[in-house]
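> here's my sequence, what's the structure:
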Amino acid sequence: MDSFSSPSSGSSPRLSAEDFMDQLKTQLAQVYAEEFLETVRGKCFDKCITKPGSSLSGSESSCISRCVDRYIEATGIISKALFSASQR
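The predicted structure follows:
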């Protein structure tokens, strides 16, 4: 038996392979989301904020909104393309 299916011995509970994969997927999704936000934050800030100050101007605010929307849309398109390619 492997370590996922063997009965637990001692006081430490063992995860099933399915539970382990679920936890791994959750952690990977969290890391991906953090990386995505950091990338968008950096790129949109560099593109839209020309003179950092205590508040955003109207044009800076709309630029950031459009920039983030484009990144989200592009990520969705890429994800769908990768998902459909992996299903072939």
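> mind showing which ranges of the chain have poor pLDDT?
1-12 (pLDDT under 70).
> at 90 instead, please
1-17, 19, 32, 36, 50-52, 75, 79, 82-88 (pLDDT under 90).
> which one's the longest helix in it?
In the chain, taking DSSP state H as the definition, the longest helix is helix 17-48.
> and that one, what other elements does it pack with?
For helix 17-48, the packing partners by 3 or more CB pairs under 8 Å, 6 or more residues apart in numbering; DSSP states H and E come out as helix 58-86. Where you see a C-beta, it was placed from the backbone N, CA and C, and this is true even at glycine.
> could you report the neighbour count for Phe45?
Neighbours of Phe45 under the rule other CB atoms under 10 Å: 13.
> next: Arg14.
Residues near Arg14, counting by other CB under 10 Å: 14.
> residues contacting the spatially closest residue to Cys44 that is not a sequence neighbour?
Setting aside the residues directly before and after it, Cys44 is nearest to Cys67 in space (CB to CB, 6 or more residues apart in numbering), at 3.8 Å. Cys67 sits next to Val40, Lys43, Cys44, Lys47, Cys48 when contact means CB atoms under 8 Å, 6 or more residues apart in numbering.
> among those, name the buried ones.
Val40, Cys44, Cys48 (16 or more other CB atoms under 10 Å).
> gap between the most centrally placed residue in the chain and Val40?
By CA atoms, centre = their mean, the chain has its centre lying nearest to Ala33, at 2.0 Å. Computed as CB to CB, to the nearest Å, the Ala33 to Val40 distance reads 11 Å.
> helix 58-86 and the longest helix of the chain, what's the angle between them?
140 degrees (axes from the mean of the first three to the mean of the last three CA atoms, to 10 degrees).
> distance from helix 17-48 to the middle of the chain?
Centroid displacement of helix 17-48 relative to its chain, using CA atoms, centre = their mean, to the nearest Å, is 2 Å.
> next, the buried residues of it.
For helix 17-48, by 16+ other CB under 10 Å, it's Val40, Cys44, Cys48.
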